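Enquirer: okay, predicted coordinates and the sequence, questions at the end:
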Amino acid sequence: QDNTFKIGLILPMTGQQATTGRQIEAAARLYMAQNGDTVAGKKIQLIIKDDTSLPDATRRLAQELVVNDKVNVLAGFGITPSALATAPIATQSKTPMVVMAAATSSITQASPYVVRSSFTLPQVSVALADWAPKNGIKKVITLVSDYGPGIDAEKYFKDRLTFNGGQVTEALRVPLRNPDFAPFLQKVRDGKPDALFVFVPSGAGAAVMKQFLERGLDKAGIKLIATGDVTDDDQLNDMGDGALGVVTSHHYSAAHPSALNKKFVEAFGKANKGLRPNFMAVGGYDGMRVIYEALKTTRGQGGGDALLAAMKGQLFESPRGKIFIDAQTRDIVQDVYLRKVEKKDGQLYNVEFDVIKDVKDPGKAK
Amino acid sequence: MSTSHNETVLAAQGLVMRFGGITATNHVTLNLKKGARHALIGPNGAGKTTLVNLLTGVLQPTEGRITLEGRDITGLAPHQRVARGMVRTFQINQLFDSLTPLQTLALTVSQQSGLGAKWWQALGQSKPVAERCAQLLEQFHLTEVMDQPTRVLAYGKRRLLEIAIALACEPRVLLLDEPVAGVPAGEREELLQTVAALPADVSVLLIEHDMDLVFSFANYMTVLVNGTLLTEGTPDQIANDPQVKAVYLGHGEEANAAGPLQGAKAPSGGSAAPAGAGSMGANPHG
Amino acid sequence: MNAQPSLLNKSRWKPWEPVLWLLAFVAPVLLPSHALIINEIAIVALFAVSLDLILGYTGIVSLGHAAFFGIGGYAAALFAKLVMPDPLLGLLVGMAVATLLGAVCSLTIMRGSDLTRLMVTLGAALILLELANKLDWLTGGADGLQGVVMGPLLGHFEFDLTGRTAAYYSLTVLLAFFVLMRRLVHSPFGATLMAIRDNRLRAMAIGIPVASKLAVAYTAAAGVAGAAGALLTQTTGFASLDLFEFHRSADVLLILVIGGTGWLYGGVAGAIVFKLMQDALSAITPQYWTFWIGLFLVVLVLVGRERLIRPWTWMSRGGRA
Amino acid sequence: MAELLKVEKLRAGYGEAVVLHDVSLTLDEGATLALLGRNGTGKTTLINTLAGATRQHGGSIALGGVALHQLASHERAAVGIGWVPQERNIFKSLTVHENLTAVARPGKWNPDGVYAMFPRLAERKTNLGTQLSGGEQQMLAVGRALVLNPRLLLLDEPLEGLAPIIVEELLRAIRRITREEGLSAIIVEQHPQAILAISDRAVVLDRGMVAHAGTAQELREQPERLDRLLGVAR
Amino acid sequence: MLTILFDGIAYGMLLFILAVGLAVTMGLMNFVNLAHGAFAMVGGYITVLLMQRFDTPFLLCLPLAFIGSALLGGVLERTLYRPLYHKPHLDQVLFSIGLVFMAVASVDYFIGSTQQIIQLPAWLKGRTELGNGAWMLGMGHYRLFIIAVCAALTVGLQYVLTRTRFGSRLRASVDDQRVAAGLGINVNVVFFSTFAFGSGLAGLGGALGAEVLGLDPGFPLKFMIYFLIVVAVGGTSSITGPLLAALLLGIADVAGKYYIPKLGAFIVYSLMILILVWRPQGLFVRKGGK
Ligand SMILES: Nc1ncnc2c1ncn2[C@@H]1O[C@H](COP(=O)(O)OP(=O)(O)OP(=O)(O)O)[C@@H](O)[C@H]1O
Ligand SMILES: Nc1ncnc2c1ncn2[C@@H]1O[C@H](COP(=O)(O)OP(=O)(O)OP(=O)(O)O)[C@@H](O)[C@H]1O
Ligand SMILES: [Mg+2]
Ligand SMILES: [Mg+2]
């Protein structure tokens, strides 16, 4: 008992967000396979729970993991409300909570025990807002899903773009449950902006892109710029040539040209029937690393507070590039890349062409 | 329009009911006197059931006015009319299939005695209610099936329950739509006797095709044909009315070639119809 | 004359019933590691029982019952956050708000077929969902309502991490409502509801004011659902939009139907079976547990509830109304 | 006359419950059988069993040499069963005309023949089943059985709720159809006298068993005996 | 303007195609088959897999999707659905939801949970624009195609159901299965063929809709609400009812989102509630029906 180190991994394994859970689970297992399951004399045990994206389920599972299974670390968390609902549990039980997916800025403020290994939407949207005006894009319409992350993305993109001398002429919010983008895209077309900025959760991205083309927005001279969720590596290949040339900003691409990443992508594919890792996977992979390193540092001694302290300030090379866990905010600081969809070896990839170094979450800048 | 000078309890004035292009009741005026035993007869589809539906508020008339004990009830909801003492039975059984006869009656009696909104007391807690139920069950030969779900009862039993429910409402005006359909011959008279034995100030409107019963029961009759009032009168007058014979009662003796028919028997006081009426016949709606 | 005993027999407590409740109440002590799931089961059971009042006893199909669950939950959570953290007062507030909403919504369910009512109730819940999303200054929008801190129950019992206080709190509230509902369904009022369910035309014809009875039943059920919602947000200290989601309404319907409608223990049995099964299966196969739940439902219907879960059937002899 | 129907040792009921315990009877071609009995003695159950709408537990039914009990309910119409259920069971979402055409089989009787017999129905051709008066539904149920062009008509209380003049007419029609067209019929009625008058044979059921079987004439002439059999106290 | 109208119509038609099979099983057979979406999903996956693995042309995939789902529907009808016709609606709900759960998990297991994307043939990808300014009409070819298929289907179905004897036999069987059988209608065959046909329609809908709506294992649950809305608002007694309802909802939704995007999500639900409170039996019922 004493010699195991338990990680409670709560993820949406079924329902709308199932791919998130799948990617993270695979990445976490890959990390353990590559780095062994014994650290500092402790055997690592991964307990996976499905919360079906229901915050109250997440919370109960976390509570049970803490009370019954006595896990040392809570990890996972596919959507923002799940993470927020669980944060008080982390505080109360002094258990570090590694957020591997949820991307709303405010999560790290919900508990001093939260550490994030994924990204925040403001982080990636401002990068795009920096890039756009320099490339002749001044007038932009934004189109985001009408929920927390979407509103974050809209707000930070707009602020930064305005700051950089651009202009958001119209901000459209699409209901989450929205099968047809036609009216919104038509509105964009009639608004004749230089570019359309899009954030939608990864599943809907393909539909937006397809309808963007079908409606002839590209021919009307409108560029499509988006956060990387839209050209999610998980699906990019199936989107077809229509996706070519779309510019996105994100913190990870499976095509990131580093040796570490090549190894990661290859190993990941091998372990999962050729599946390509996406930004969720890298969040899970790095999250595991943060936990492993903290455990090494503390040599298996000390409780949650010691672990947390050891997580803060970690700096290491990830498949996405260099990342840093800001000791103050416990949020991730990382490079954000500008990428364009291109064809490589007959497959579509987000190919990075520019980088903005060491982006902090702008949500916490003030 | 001749006989009794009693006060009118229920009055319908110029009732019209149209279903799309069909006029089911056409300016029907009907007065039900206090304590009357009033029969409403007429060919199939004449609008008798529709009339009852109008009187009880199941349907809203296209035109016309209904008064009950002097008050206009045309716009009242069905349950409000029941609260004022007007109760009906249905031509096609309308029962509570998953409840037992006992529960059905207990609920009806409770509702009737103002306990319907009580939610704290158990159904049947009140002694008078339970006693009244037992009495009704006895009276309608339902005691041995009182704990079976209504759904599995034989048709005859269901029919009896249908009428028991109406009586459980303690009506002052009772509208019976073919109450004895499906009840075996032997029990029919008994059943109607139960009805006839209601207090003298209860007014009853009976719709029935069994002429033996109608003539033994009614003291006044109204004949409806094709939605229109054909004639009214005492049983004698009606039995001898050639028009009624032609469209409704039929050939009388002549048909006895086929044997004695239930409806053809002339009521005691009446004499045989003029033979000429017999030849009309075939289409009652000509 | 055996009419009265025969009638009263139906509403009498059967010997197994107190035993069952006793078991429920010792469970959090005997199985301390299951307190949290017991809490959740109790809440869902309460929610299902409230649905049974309108579905099983009154015959109104609803796919929007989550509307009341959600609004009760949000009301209780907001009350704790903005006014005061006392759980019992919060519970009352949650119920009151849900009851109010129920009264308003009851106007829409008077007419129409099952399908119509299904969709109207569903629509109402979804509109509330969108409203809660739009009113993010109050509700926290899609991120959920945070910062809900509950005070100790009765001023003494803190809601602890193990969830025992929560379990007792929810079980007690469940039992209280269960007793009330039990009285209600066996009363003349309950009988009029069943009469309406079976045959509206006849119900009117014996003087039952159908519309107002429906409204009362619907409103009462809404209030109880609100209480269930309040329990959930109070014991989790969090409220989020999914309280209103379609699948919440759908799940509770499933749970009730699994246990059997028109029988108060149906909701309870369904909650126990469904939740435990979900918990166990998803622990074994987090990705594919829905398959096995699905299989269970299919088998349940094909084989028949009675034959499948014997233990309940022999216990419930005569208990089914 | 050739034997049309032969029922032997029939046991049937609903689900596990057995209502008919041991019923045997025969009926000739063109003959009419009056099926009598008190409430709940199983008359409807017998009719429904012939139509294949109950659960048969034993015994055999032969119609013109065909083993009816081996046929599914819907195959019996093709062999010659025409059924008028006691509660009428008009198809409520079909119009009057569709009620007839949906089941009609080729033969002498067609919807027009039915309309000629019941002019009232012709006037209500496009009404939905539920929009008919009680008597109209009854006429439709009889018409619906006729357009099947059956060899054996099963009439479960067909006169109920009909105006006397229509009753007369229907009785006459039944008699004509059976005499002239060689159709057989089993008629359940609460008015034994009316029905015995046009029947050839009579069977009285009691508690799911045959209490009496004989000619209609014999019961017609002995009303007291009939009353006794039917348990009517006078 | 016109473009919005066109998009609304196309969207409505898409909803209709997806829901029409349900209108058949639920409206006509009175069977609450919530697994309808699962059959649609099967049709969608048949198309996707055929196109991805065997390069089958899209146009050929459509009939195959129909046949595939119809076969599956037929088999399930024979084996599982039949005993449930006489069960209460709630049991049917339970059962069909169970099937959906199983279908979702199975697809997830065998094919994976990522969204599948259909690549349309080039001739369906284009867009034609007429006129300009406020009156410009832009028509996506694929949307045109959907409208055409849908119109053809409606006409055909309406004919079968109202003009042929099969339609009245079906409705008779639904009204009273026992008596219908007793009067010589082979209820089993009628139900079998109808159910298979309804499932086929669902499959066709899934195949056509996957392109616009996306296809993943969650499909049957995600779109269940939409099917139900269309059938509820349209009323269950005809085919034209759901069609008009789908068109109305489609146009209202698209126009609403275009002109008042802030209220985007409210429009469909509010409209539905208003219509149903106003006409509780759905917009289009046979006059005078109960
Ligand atoms: N909802 C309706 N829509 C259209 N027509 C209707 C409707 N209800 C009744 N009718 C028609 O109105 C006429 C009167 O029907 P009603 O039921 O009142 O007759 P009735 O006198 O009770 O006949 P019966 O003695 O056969 O019961 C009938 O021809 C019937 O077809
Ligand atoms: N669906 C059913 N399920 C169980 N029992 C039934 C069912 N229908 C009828 N019975 C029972 O079968 C017995 C015979 O009923 P049946 O309807 O055959 O009688 P009947 O002679 O036609 O009576 P009636 O004159 O009332 O029509 C009754 O005791 C009845 O309770
Ligand atoms: Mg009538
Ligand atoms: Mg009978």
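Expert: Right, received. Where do you want to start? Ligands and ions are numbered 1, 2, ... in the order given.
Enquirer: can you list the low-confidence ranges for chain A?
Expert: Applying pLDDT under 70 to chain A picks out residues A:1, A:365-366.
Enquirer: so which residue of it comes closest to ligand 1?
Expert: A:Pro179 (40.0 Å; Cβ to the nearest ligand atom). In short, each C-beta sits where N, CA and C put it, glycine included.
Enquirer: residues of the stretch 101-250 of chain C that sit close to chain A?
Expert: The stretch 101-250 of chain C comes close to chain A at residues C:130, C:133, C:136, C:141-144, C:146, C:161-163, C:232, C:236-238, C:240-242, as judged by Cβ under 8 Å from any Cβ of the partner chain.
Enquirer: the nearest residue to the residue of chain A closest to ligand 1 once chain neighbours are set aside: neighbouring residues, count only.
Expert: Excluding the flanking residues, the one nearest A:Pro179 by Cβ to Cβ, 6 or more residues apart in numbering or on different chains is E:Leu213, at 4.9 Å. Neighbour count for E:Leu213, taken as other Cβ atoms under 10 Å in any protein chain shown: 21.
Enquirer: ok, the one 4 residues further on next?
Expert: By the other Cβ under 10 Å criterion, the neighbourhood of E:Pro217 contains 28 residues.
Enquirer: mind checking which helix or strand it is in?
Expert: In the assignment (DSSP states H and E), E:Pro217 maps to no helix and no strand.
Enquirer: now it: phi and psi?
Expert: phi -60, psi -20 (degrees, to the nearest 10).
Enquirer: after the one helix or strand E:Thr3 maps to comes which helix or strand?
Expert: If you go by DSSP H and E, E:Thr3 is part of helix E:2-22. Scanning forward in sequence from helix E:2-22 by DSSP H and E, the next helix or strand is helix E:36-54.
Enquirer: quick check: which helices or strands does that following helix pack against?
Expert: Helix E:36-54 sits against helix E:2-22, helix E:58-76, helix E:89-110, helix E:187-213, helix E:219-222, helix E:224-234, with contacts defined as 3 or more Cβ pairs under 8 Å, 6 or more residues apart in numbering or on different chains; DSSP states H and E.
Enquirer: does chain A sit close to whichever helix or strand comes after the third one?
Expert: It refers to helix E:89-110. Note on helix E:89-110: by DSSP H and E, the next helix or strand toward the C-terminus is helix E:122-125. Yes. Counting by Cβ under 8 Å from any Cβ, chain A has neighbours in helix E:122-125: E:Lys125.
Enquirer: so is D:Gly82 in a helix, a strand, or just coil?
Expert: Under the three-state scheme (DSSP: H, G, I helix; E, B strand; the rest coil), D:Gly82 adopts strand.
Enquirer: got any ranges where the stretch 151-290 of chain E has weak pLDDT?
Expert: E:236-237, E:264, E:281-290.
Enquirer: ok, 50 please
Expert: For the stretch 151-290 of chain E, applying pLDDT under 50 flags the ranges E:287-290.
Enquirer: what would the helices and strands packed on helix E:36-54 look like in TSV with distance to C:Ile38?
Expert: Listed next are these as TSV, based on distance: least, Cβ to Cβ, whole Å:
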stretch	distance to C:Ile38
helix E:2-22	39
helix E:58-76	38
helix E:89-110	25
helix E:187-213	40
helix E:219-222	28
helix E:224-234	31
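Enquirer: ok, and the closest non-adjacent residue to the residue of chain B found nearest ligand 4?
Expert: Distances between chain B and ligand 4 by Cβ to the ion are smallest at B:Tyr155, namely 4.8 Å. Closest residue to B:Tyr155 apart from its sequence neighbours, by Cβ to Cβ, 6+ apart: B:Gly182 at 5.0 Å.
Enquirer: got the contact list for that neighbour?
Expert: Going by Cβ atoms under 8 Å, 6 or more residues apart in numbering or on different chains, B:Gly182 touches B:Tyr155, B:Gly156, B:Arg159, D:Gln86, D:Glu157, D:Glu160, D:Gln190.
Enquirer: same deal with A:Gly165?
Expert: Contact analysis of A:Gly165 by Cβ under 8 Å, 6+ apart lists A:Pro133, A:Lys138.
Enquirer: quick one: the strands in the stretch 151-286 of chain B, in order.
Expert: Here the stretch 151-286 of chain B has its strands, by DSSP state E, counting those that start in this stretch, at B:173-177, B:203-207, B:220-225, B:228-233.
Enquirer: find the residue at the geometric middle of chain C.
Expert: C:Phe47 (1.1 Å; Cα atoms, centre = their mean).
Enquirer: check whether stretch B:71-90 comes near chain C.
Expert: Yes. Using Cβ under 8 Å from any Cβ, stretch B:71-90 reaches chain C at B:Ala77, B:Pro78, B:His79, B:Gln80, B:Val82, B:Ala83, B:Val87, B:Arg88, B:Phe90.
Enquirer: what parts of chain B come near ligand 2?
Expert: Applying Cβ under 6 Å from any ligand atom, we find that chain B lies next to ligand 2 at B:Val152, B:Leu153, B:Ala154, B:Tyr155, B:Gly156.
Enquirer: isn't the last one up against B:Val183?
Expert: Yes. The pair B:Gly156 / B:Val183 is scored as a contact, 5.8 Å apart, by Cβ atoms under 8 Å.
Enquirer: let me know the pLDDT of B:Gly286.
Expert: Per-residue pLDDT puts B:Gly286 at 28.
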